[in-house]
Each structure stands twice: as structure tokens, then as C-alpha cells.
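*Asks:* only geometry, no sequence info:
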């Protein structure tokens, strides 16, 4: 008898629970008089941890803004969360940020799979997202609260192809890519762009993570007669490819995707001949890293990041700079949203941004109601015939310093 | 106090309790071996004979009790330490190295205790002419009786002060049983002290100085048979009934 | 056309030498302990990073290498002593899981320190390339091949000629038998586990000569090492080497003539096919099958 | 004995007591609870093969992935409502189980079986990546929101109830299987396969059956994954996932049904507690598993068994 009563009681509460609508986050969640709470989601563990400097770039900028007094008297408070680049874990991390930490918005997460997995939830809850993930599907078609502060795979992939095609002699292309969503995110748009602009893709080949050499791929490239190679590879494998291209005397130009740090790649290939006038990458920044006009950012990184957030050795790398616009655009949104920001106001403020010079990106940032990718134009970076790292606006045309 | 627990013994075990998780097998076994003495353990299956032997050689850790060998406490020490003191066991499954030759098996027997290995090996081959003929043969290609000889030979290579034999005649053809019996008799002549677990009562009594009967992990009878032969029927009765 | 084929074979052999080395180091551990170390890949990785650290602290390459091997030897010995020995009598699954967990923790530790950047180990020699007919060789190829062949010879001698080798084979064949002749089997296992880790570390260092360091580098080679061992026959030294070489060459040929997407699964296909068709592999006397 | 039976019936109170949970949990915690529920069948199926049958098969992630992909493909490409994809997911898992069991029938055992099944899992992952028209390749696929009888499961709470029913079903059914002659046969095979065969037990049939049942239950776990995560990609079914699933059964208790449940809960919850440590998580997680194997070789379930006989596991002997 007692058991039955208990069962009924439980069943009743269960029905109640099932019927209760999930409480939607209110549109000022995470904002107090003094603070703005922001979730910073990224791969701090797992194979993709290589990308976590993308999370520290914007964090450094927020700390810098805090140091300067914040925005409208509010300071930023960051909650980090690890996605491990794994969907199940990433959802947990994002849900914790939203429902437990009650953040205003989420920034970061370079892992496209996780970003795609949390997208429906962000959409439903109207949680703003500003990030560097390469997957263009996140913001195309546009979703009200989601913004790309940097180039997606589409812009980067197109620019890889565009740069090579700006050399009129280059018509025949080979694609070499990892079998993962990241690499496809670059190589698919590159391929589309090549085909649409008079080029020809004559070889598409795979190179997997953990490869120890690229003999089969390089010999295929050589045999195919490709003049340019779109290398949608992470840094490890890109280094191996470049080394083996040199070893087997394959003369094609290699244009890498943004998964590798240019400086490090050049240095780690170890052989100047393998990269001189041979290896290029689309370039996101307005000037050379290490040059005067980016010095401010270098200083910000070094001043505001903790030791364990900076590289073990050497200056902050490409990825720190690539992450920083996420912070800059986010802050600009709060500036424009006025003294009592809401999510709607922040989103409207972002959409009102036109031709914003971030001071770091090659392009000025502009958004509109149906364009949530802020930037488009890129340069290219390479090593010129004197072995000097050079930024090009197009083939053979260095950017004036 | 039973007379075999008097001092000046080679090995004295008292109150041995041992077993496996959840199952006690020995319930306070006392046992002693004098120098050059042959003690036979008799008992039905599951009475704890092999466990008693394995406890002496260190393969089973006693829960309680003491084992003194040449005056030193060895209860609970690992097998290789006990081996190095001179207690060498020939186990029931023989545990030879099947893919090594007879000679290699023998040489490994002397690995831990050292000594004049060549001389020792020649000595073993003299005692086991059958092995001498097959010294380059892989052990796994040999018959059960031959393997038993290798096992005993390997134990002798360790220059045992006390030899523990677990069912030396177990599963062998009658011809080999006779040969093994002769070998054990020869070892006895060489004044090697032995503890033997044996099912073959006739064989056991022919070589024993004393015997103990184990039943459910307890010693139910102990008898010195040097004075006069024991009654086989009697013994069988006290083992199984 | 022939030139391409020859080049593929030569490069395949060069890659195969690395697989062979990983397989060799696993074979040593397996032969001595009859336990397959599923965390072995992470010993390979740890070795590479250890040497990287010592070189980074200013040591010349040779002493750094030596120190790295010693560190990994001690680490292997220590983990066997402290973590494996207490459960050695337990189910095989616990042993496999323990090895996996040790590897996972080591990888996590490495990631904490080096996960967010790509680093490389400086070669202690100048890299050069030669053409022999139409085929290109590099110094790396020669260094790695020389090392693996020397190591194979040394191991072969140790295993088959010296008393230590007899001991190793004896323990492999019967652990209880070894204990019966007074061998401290546990200590022996510890030493051999350490030796396996040190050899794996050597493999990691050679690997690091040609690829950038990464916390996952060992895991990537582990399954290839398994495939090489399976193909050559578990427990066979020369089998491990030949298995590794065949795997390396197969990867290149399949990759070039069929499609590069097959490179990644060559190892898995070999493993599955060999175990289904000829479980003892090419040179294994010990059948891979036990019921 | 009658007293014991009464107490075991009290286990039914556990799911009942969980019913009001969604009232008290926010969406994050509810999601984590759902994740725990999802890992229960994953652990149970794994445990049947590895714990109860005693075979070293590392193919569990393959069954899990097959289940997830079956559900995902049916829902996305054919528009089948999610609840109707659960059974097919289980069946595909069972099929994969049979495939993975074939080498075992051919006598492949121990580490050889482990390595082979490991290769099987990686091979399947390669298929997910390459079979683009069906699986969506590396990008994977976004599965439509799950629905049951035409009702869309909007919140984590909704999913919770469906998952709870599935989990209870799987636990009860597996309990039945393990208590039947099948379970006794598994135990006999694990103890001594030769002896079991000598006693006239058709060991082959039972081995295949254990694999099939394991695959079925895990496949249903995969279906739950598709519903819970909503985004199925090849990268989710890699070796890291294998270590996680291994940890579920080792930490919970090898061969114990109760252990699978406890393991699923603990292993899912542990990373959430470690969250604060960011990069340290992998290290901590590894150390946690090491500690459990070392100090609780029979898993957390053995702790409970020490408390009261009602928790003693009846399908497993060391």
C-alpha cells in the first residue's frame, strides 16, 4: 500500500517535472553593476590542445581592458571550460557555463565539431557566441546571436586558392588534407574557389595525423604535375610535407591552412631551401608579427597572461594574435551597447559595427543583420628569395611596411 | 610434544596455517625434518599435502605459524630467497622450460646458487644416463618420465639441502615409477633430506624414514618407520576413512 | 615508373624501420613478462620528451640520450614495481587497463607541459640527401636503419647466445619454473619492463628526429607496432623487424597506387587478416591462439 | 533467503526515487545525469563480454559508434522518429558484436583478441570518415531533436525520462540474461573454457551470444548518444573513448551489473569535478583509474558488497 502511494507521488512529481518548461536564461544573465561574466570554451586537453592559445588571446585583451577600467564601469570575469574537442564533453562544458556559471556569452572554442554540437542550444537560449572556429556553418546562414570575429574556413580556404591563382602561371592544383572536419573546412572552399576561377584540381590526397613521412603523397603530387598544393594540414604534418617536398624535388608551391604557426613551421622544417619562395599561408594580420604595428598586442600578451598561458619559449605565436580579435569585437559590442547592456542590445551593437579597425587583422570588421562573419580580405605570408619573411597582398607583391 | 619437534632439526615448521582467499587449507600443521631424513606426507586429495609443500617453499604465504630452516625464520619469504637457502622443490606440474634443451634446463637450475655448473651437470647426467643421451633435445619433446628426471635433475643442480618432491611418480608409466624410486633411493643414500608428497603408498613407505598423515589440513597421525614396517592397510584406512 | 616504385619501397623501409623499432621494444617487454604493454606508446613519447628536455637544458646529445634512456628505464621499472606487480595475478583485463591508464596519465602530464605548442628535437648531425640512381636517401634514413639493425643484432645475440637470453626465454616459458630455480621473477619482470620502456624511448628519439614532438606521437605508432608484431609473429625479434618493414612498404605502395586514404588502415587490415588467417604470423612459433 | 529477495526488490525504488530529479536540477546537471544514464548500457554491454564472459575484447566503442550512427542516419536521412531508431541501433550493435566475435570463435584470445578488436574499432572509424553520403564524413551529422510518439524531447528533463526507461529495461533484461543458463554458461566459459566445452556446453554459441547481447545493449547506448549529443562525428569514437568506457567497468566493478551502473555514474561525474583543473584533467583521470585498480581491484561495487549481502554480485567469480 505504502509503496503504491509512494509510486503515485513520484509519478505525479515526474509529470510535473516533465511538463515544466525549461527556464530560459534571461537577457541580462551574467551582468552585474560591476562585472560581465564571459565563458571561455576551448580544448585544454586532448589532441587539439595545440589550439588553446586561441583562448588566451582574447583573455589577455579582456584583462587589458579590465586594467584600463573596464567598459562602462564593468569588468570582465572569465570562466574557462574545457571542451576537449569532444562533443559530449563540450556540451557539458557549455551547459555548465550557461546554467551553472550563468555567463552572459561564450567566446572561443576553435573546435568546429563542438561548436556545431552546442549551436542548437545557443540558438534556443539566445546565448551570444563570438569565436574563432573555422566551420562556416556556425554563422551561415546567420543565427541571431552567433558571430565570427575572425576568418572562417571559407575565407581562409578561398584565400589559400586566391593567392596561388594570383600567380597567372599557376593553374593546376593538388589538395592534401587530414580526414577531419577541420581540414575539410579549408580544402572544400579552396577547391570550390579554384574551380570557379579557372583553376583545375588534378589531385586530391590524404595525409593523416601521426604520419611519419609523405613519400606516397609527394610522389603523387610530383607525378600529377600540380603547380600548387593546398596543404590543409596541422603543423606536424605540414612540416613533414614540406620536408619531403624538398627531399623529392617536388617544385610545387605549398599554401598551408591556418592550423600551423607560420614562423614555427618555417623554423622547424629546418631547411631554408624547403620554404623559400615555396611555402605560403593566408595571412590574417595587417603586418608581420614582431613588427612595430603589432607590438602593442605582443606587450598585452606578455603583460597580462600568466606564465603557463604563454608559450614555453619564445614570443607569443600566431594563434594568440588570431584569437585576440574575438576579445576586441566583444568589448566593442559592450562599448556600443551602452551602460545597461542586454543580449539584444549587445547583438544589435555588434551588427552595427562597420569598418572597425581591430589593429591586428588584415581586414576591417563589418557586420550586418545577414552577415555575421566580420572579415573577408586576407594577405599571404611567405619567405622571399632572400630568406626574409614577407607579407604579400598578392603573388609577388609585398605589403609595404 | 612429538619427538620430531625436538631441536637440532634441519627444518621445523610449527602451527602452519595457510590457504587461499576465502578458503583455509592448513589448520596448524607441525612438521620437522632432521638432516638426511626422508619424510613422506600422505593424505587424500585436498587434504593439504601440496599446500604444505608450497608453504615450505614459499609459493604459498602462511597465514600463521613459523618455519625455521637451519635456525633462521623463513616463513613468508619469497620463493627465490628460500631457494637460495637450499630448499629446492620439484613441483607436481614439473614446470620445466619446454622450449629449452635438457642441458639448458639443468644449467638454469644452478643459476641462482652458482657452483661448479659443469661438474654438477656431469654428475646429473651420470645419475640419469637417459638424459645424457638427450642433452640437446627440447624438453617438450620428451616423455613424462623423462621430464620428471629433468625436473629432479634440475633441482639437484641447485645443490639442495632439503628437497621437496611433489608426487614424483604421479601419472608415470610403471617402468618410470621404478626408475624414479631408484633415483630417490640414491638421493637418500647421498644423505639429502627430503619431504615427499606421494599417493603411491608402497613407494612412499619404501623410502620414508617417517610419515605424516594429513586430513583436512591437520596432521592426524605421525609415525617413525625406521624401527619396523608400518601396516599398509592401516595407513590406507586412516587416510581415507 | 620503376624509379617511383623503388623510391616507395626505400621510403617504406625507412618508415618500417621505425615501426620495427617500436615493435622490437614491445617484443622485449612481452617476451620477458608475457604481458603486452598497452601503454607502451606513451613510453615512446616520454622518451622523446625526456631527451628533448635534457638537450634543452644544455646537455650534448649523446649524454642527453643516455640520460633519457636511464630515466625511462627507471620509470618502467618503477611503474612495474609499484603499479603492475600488485595486480599481476589478477585478470588480464586489469593489467591491460592499468597499462592504458599509466599511458593516459603520462600523456596528460606531457600535454600539460607541451600540449599547446609544437616542438622539435634538433638533430645532432647534419641532414643530407643523396641520389642513388633515381632513389633519394637522407642521413635520417641511414641513422635510423643503422640503429635498428644494430639493435636487432644486439638483441638477437642477447636473447639467443648469452645466459641472460636463456633466462629471458626460461621466464617466458614458465614463470613458476623460473621461481623454482630461484629466480626472483618479479624483480626480473621489473627490470625487463624497464628495458622495454628504455628501448621504446630510443624509438621515440629516432622518431623525433624526423617528426615534431607531440604528446600523441606514441599512440599513433602503437597500433602500427602491434600490427608489425602480429605480422611478424608475437614474440619473434626478427619477425617484429620484418613485420615492421613489410607494413612500412605496404603503406607506401597502397597509398601511392591505390589511394592515400588506405595508408591509415593498412596496419588494421594487416592485424585483422593475419590473426584470422595465420595467427602465428610469419615467424611466430608460439601460436597466437589459446583456448 | 526470503528476506534477501524482498530487499533486492527495493532496487526498484532507485529509478522511482530518481523520477522527480528534473525538478531540482538545472539543464547542465540534468545533462550530466543523462550522460551517466547513457553510459549505463554502454558499460553493461561491455561488461557482459569482458567481465562475465572474460574475453579481452576492445571493440566496445565500435558498437557504440554503430548504434549512434544507425540512429543518426535513420533519423536524418530517412526521417524516422528517434524512438523508432532505438531498436535498429541495438540490432546493428548486435550485428557488429557478432562480427567482432568471429575471431574469438576462431580461437583468438587474450592480447591478440584485444589488438584485433582494437583494429576493428579503428577500421570502423575509418568507414565513418570515408562513407560520406551516409555518415556525413568528417563533419559528421547533426541529428534532428529526438522525438517519442510524436512528442519532441525539448529539454534534458524530457530526455531523462526516456533514458531512465531504457536504462531500467536494459538492466532488467541483462539481469535476466545473466541469471539464466546463458549467464551460467558465460561464467563456466570464463572459469575454464576447455572444461566448459568438455562438459558439453556449446561454447561457440554462447560466446557469439554474449557478443551479440553486449553489442545490442551498447548499440542502444549509442542511440541514446545520438539523441543526447545530437551531433555524431567520427572523432567521438576514438581510443580516448575506449579508455573512458574501460574505466566505467573497471572502476564500477568487473562483471558486475551494479558495477556498470556505479561506474557509469562515477566516470561521467569525475571529469565534471575535475573541470576546474583544466589541463590537469587527463592526468587526474589517469591517476584515478590507477588508484581504483590498485586499491579496489573489484571496483566500487565490491565496497557496497561489503556493506550488505544484497549488493553481492551473483554473476561473477574471480
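*Replies:* Received the coordinates, thanks. Keep in mind that this is a model prediction, so the values were computed, not measured.
*Asks:* List, one by one, the residues from the stretch 51-200 of chain C near chain B.
*Replies:* When proximity is defined as Cβ under 8 Å from any Cβ of the partner chain, the stretch 51-200 of chain C approaches chain B at C:163, C:166-167, C:169-170, C:173-174, C:176-186. Every C-beta, even on glycine, is put in place using the N, C-alpha and C of the backbone.
*Asks:* Give me the ChimeraX select line for these, limited to the buried ones.
*Replies:* Entered in ChimeraX, the line below selects the buried ones among these, by 16 or more other Cβ atoms under 10 Å in any protein chain shown:
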select /C:166,167,169,170,173,174,177,178,179,180,181,182,183,184,185,186
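*Asks:* what sits against the closest residue to chain B within the stretch 151-291 of chain C?
*Replies:* In the stretch 151-291 of chain C, no residue comes nearer to chain B than residue C:182, which is 2.9 Å away by Cβ to the nearest Cβ. Shown in contact with residue C:182 (Cβ atoms under 8 Å, 6 or more residues apart in numbering or on different chains): B:79-80, B:83-84, B:88, B:111-113, B:158.
*Asks:* Looking at the residues you listed, which is nearest residue A:294?
*Replies:* Residue A:294 lies nearest to residue B:80 out of these, by Cβ to Cβ, at 67.2 Å.
*Asks:* The closest one contacts residue C:179, doesn't it?
*Replies:* Yes - counting by Cβ atoms under 8 Å, residue B:80 does reach residue C:179; the two are 6.3 Å apart.
*Asks:* hang on, the earlier thing: next up, the contacts around the residue nearest to the residue of the stretch 151-291 of chain C closest to chain B when sequence neighbours are not counted.
*Replies:* With sequence-adjacent residues excluded and distances taken as Cβ to Cβ, 6 or more residues apart in numbering or on different chains, residue C:182 is closest to residue B:112, at 2.9 Å. Residues near residue B:112 by Cβ under 8 Å, 6+ apart: B:80, B:83-84, B:158, C:181-183.
*Asks:* can you check residue B:105 too?
*Replies:* B:96-97, B:139, B:150, B:153-154.
*Asks:* and which of those is nearest to residue D:232?
*Replies:* Closest approach between the contacts of residue B:105 and residue D:232, by Cβ to Cβ: residue B:97, at 52.4 Å.
*Asks:* That closest one belongs to a helix, doesn't it?
*Replies:* No - counting by DSSP: H, G, I helix; E, B strand; the rest coil, residue B:97 falls outside a helix, being coil.
*Asks:* looking at it, it is touching residue C:177, isn't it?
*Replies:* Yes - Residue B:97 is within contact range of residue C:177, at 5.6 Å (criterion: Cβ under 8 Å).
*Asks:* How about the residues of the stretch 201-318 of chain D by chain A?
*Replies:* Within the stretch 201-318 of chain D, the positions near chain A by Cβ under 8 Å from any Cβ are D:225, D:228-231, D:233-236, D:240, D:271-272, D:275, D:278-279, D:281-282.
*Asks:* related to what we said a few turns ago, pull up the overlap in contacts between residue B:80 and residue C:179.
*Replies:* Joint contacts of residue B:80 and residue C:179 (Cβ under 8 Å, 6+ apart) are residue C:185.
*Asks:* Quick one: low-confidence residue ranges for chain B.
*Replies:* Across chain B, the ranges flagged by pLDDT under 70 are B:1-7, B:229.
*Asks:* where does residue D:12 land on pLDDT?
*Replies:* With respect to pLDDT, residue D:12 has a value of 84.
*Asks:* Now do the SS call for it.
*Replies:* Three-state call for residue D:12 (three-state DSSP): helix.
*Asks:* for it, what are its contacts?
*Replies:* Residues counted as contacts of residue D:12 (Cβ under 8 Å, 6+ apart): none.
*Asks:* Phi and psi next, for whichever residue of the stretch 201-350 of chain A sits closest to chain D.
*Replies:* For the stretch 201-350 of chain A and chain D, the shortest gap (Cβ to the nearest Cβ) falls at residue A:308, measuring 8.1 Å. When quoted as degrees, to the nearest 10, the phi and psi of residue A:308 stand at phi -80, psi -10.
*Asks:* Kindly give the local confidence score, pLDDT, for it.
*Replies:* With respect to pLDDT, residue A:308 has a value of 87.
*Asks:* burial measure for it, as a count.
*Replies:* A count of nearby residues for residue A:308, using other Cβ atoms under 10 Å in any protein chain shown, gives 12.
*Asks:* Tell me if I'm right that residue D:53 and residue D:207 touch.
*Replies:* Yes - contact criterion Cβ under 8 Å: residue D:53 and residue D:207 qualify, at 6.6 Å.
*Asks:* which neighbours do those two share?
*Replies:* What both residue D:53 and residue D:207 touch, as defined by Cβ under 8 Å, 6+ apart, is the set residue D:189.
*Asks:* Let me know the secondary structure of the closest residue to chain C within the stretch 301-401 of chain A.
*Replies:* With Cβ to the nearest Cβ, the shortest gap between the stretch 301-401 of chain A and chain C falls at residue A:311, namely 5.4 Å. Secondary structure for residue A:311, judged by three-state DSSP, is coil.
*Asks:* and the nearest residue in space to it that is not next to it in sequence, how many neighbours does it have?
*Replies:* Nearest non-adjacent residue to residue A:311, counting by Cβ to Cβ, 6+ apart: residue C:117, 5.4 Å away. By the measure other Cβ under 10 Å, the count of residues near residue C:117 is 23.
*Asks:* Look up phi and psi at residue C:117.
*Replies:* Backbone torsions of residue C:117, given as degrees, to the nearest 10, read phi -150, psi 160.
*Asks:* swap in residue B:198?
*Replies:* Per degrees, to the nearest 10, the backbone of residue B:198 is at phi -150, psi 140.
*Asks:* again with residue B:166
*Replies:* Phi and psi for residue B:166, reported as degrees, to the nearest 10, are phi -110, psi 110.
*Asks:* I'd say it and residue B:56 touch.
*Replies:* No - using Cβ under 8 Å, residue B:166 makes no contact with residue B:56, being 10.6 Å away.
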